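Colleague: Next come a sequence and a model predicted from it.
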Amino acid sequence: MNIEIVDIKVYPVVNLIDLDQNIRDAIEIFTQQMIYKYEPLGIMLVGSYAKGYAGPNSDLDMYVIVEDQDWRERGNTWINDLEIEYFINPVKQVRAYFQQEDALRPNTADMLGTGIVVMQKGTIIDELISEARTILYRPLSILEGVELELARYYLDDAKKDLLDLSGDPTSFAYQQTLWQAIEICNRIVSRQYGAYQDRVKIRFAQIQSLDSKYSHILNWIVNDSSNPDRVIALIEYVEGLIGPRPKEWVLRGDLTV
């Protein structure tokens, strides 16, 4: 059975892309294989090719949604010399991921909400896409309460660690601490601006759109990561967004046992 890939639905968040014939052939062969093996409810092209930023080393990411079976699968295969990474999940697992994943990195919602439908049966794929996009575009609450105090603590702690290690800025400990501090700052900034974090290779462009001054300091650090003053400047900028840590603080909560 041959499948003509004509049902490519492009959603507003996806750039229209021109796939070369070799890629389209690989998608079609993969789709045929999945239909023969699993009779899926839907198959989507997701990831970098769907979003329009695929590079020479990008693989094809395919998401396969099946009936509510008691298994899930993730793997990779090769078709037409193209690497295909695939995800096979039943509907109930997809919805569980929607609920369980980090609000700043909703991977499943990102894949389905920005993907391109290759094949579908019935309306469940449209329903899941709608749910995914709702997750992607719902406003994230700003940091407050315990989360806010912990964020201030993490920033203050990172600053102290960097100052302790600044005497040897080429050491592994310093460099590791530096990038951990940057990740803490990135998460806080993303949360404060209500934006989920995209993949690392396009995250800087996302950060630029959120806060140009913050992105400028980030770029300043990249140009000389051995200068602790630059990282301290980044931390202090983020502290300015959420307020500094008080000298004395107490957090009391329920036991976990």
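Modeller: Now that the structure is in, tell me what you want to look at. Just so it is clear, the model here is predicted, and its values are computed rather than measured.

Colleague: Now do the contacts for Asp25.
Modeller: By CB atoms under 8 Å, 6 or more residues apart in numbering, Asp25 lies in contact with Ile79, Asn80. The way it works is simple: take the backbone N, C-alpha and C, and place the C-beta from them, glycine included.

Colleague: To which secondary structure element is it assigned?
Modeller: Assigned by DSSP states H and E, Asp25 belongs to helix 21-38.

Colleague: what's the angle between the next helix or strand after that helix and helix 21-38?
Modeller: Following helix 21-38 in sequence order, the next helix or strand is strand 42-46 (DSSP H and E). Counting by axes from the mean of the first three to the mean of the last three CA atoms, to 10 degrees, strand 42-46 lies at 150 degrees to helix 21-38.

Colleague: what lines up beside strand 42-46 in the sheet?
Modeller: With DSSP bridges as the test, strand 42-46 is paired with strand 60-66 (antiparallel), strand 116-120 (antiparallel).

Colleague: can you map out the strands along the stretch 51-200 of the chain?
Modeller: For the stretch 51-200 of the chain, the strands defined by DSSP state E, counting those that start in this stretch cover 60-66, 73-79, 82-90, 116-120.

Colleague: okay, those, which one's buried deepest?
Modeller: Among those, strand 60-66 has the highest mean neighbour count (mean count of other CB atoms under 10 Å), at a mean of 24.

Colleague: got the CA coordinates for it in PDB?
Modeller: Only the C-alpha atoms of strand 60-66 are listed here, as PDB (Å, rounded to 0.1, in the frame of the first residue of the first chain):
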ATOM      1  CA  LEU A  60      14.300  13.300  11.400                       C
ATOM      2  CA  ASP A  61      12.100  13.100  14.500                       C
ATOM      3  CA  MET A  62       8.900  11.200  14.100                       C
ATOM      4  CA  TYR A  63       6.100  10.900  16.700                       C
ATOM      5  CA  VAL A  64       3.700   7.900  16.400                       C
ATOM      6  CA  ILE A  65       0.500   7.800  18.400                       C
ATOM      7  CA  VAL A  66      -1.200   4.400  18.800                       C
END
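
Colleague: next one: that strand to chain centre, how far?
Modeller: Strand 60-66 sits 17 Å away from the centroid of its parent chain (CA atoms, centre = their mean, to the nearest Å).

Colleague: what does that strand rub up against?
Modeller: 23, 26-27, 30, 34, 38-50, 82-91, 94, 111-112, 115, 118, 124-125, 128.

Colleague: go with 6 Å
Modeller: Contacting residues not belonging to strand 60-66 are listed as 30, 34, 38, 40-44, 46-47, 49, 82, 84-88, 90, 111 [CB atoms under 6 Å, 6 or more residues apart in numbering].

Colleague: what is the orientation angle of it with strand 82-90?
Modeller: Computed by the same axes, to 10 degrees, the angle separating strand 60-66 from strand 82-90 equals 20 degrees.

Colleague: and the helix holding Asp25, which residues are buried?
Modeller: Buried residues in helix 21-38, counted by 16 or more other CB atoms under 10 Å: Ile23, Arg24, Ala26, Ile27, Glu28, Ile29, Phe30, Thr31, Met34, Ile35, Tyr38.
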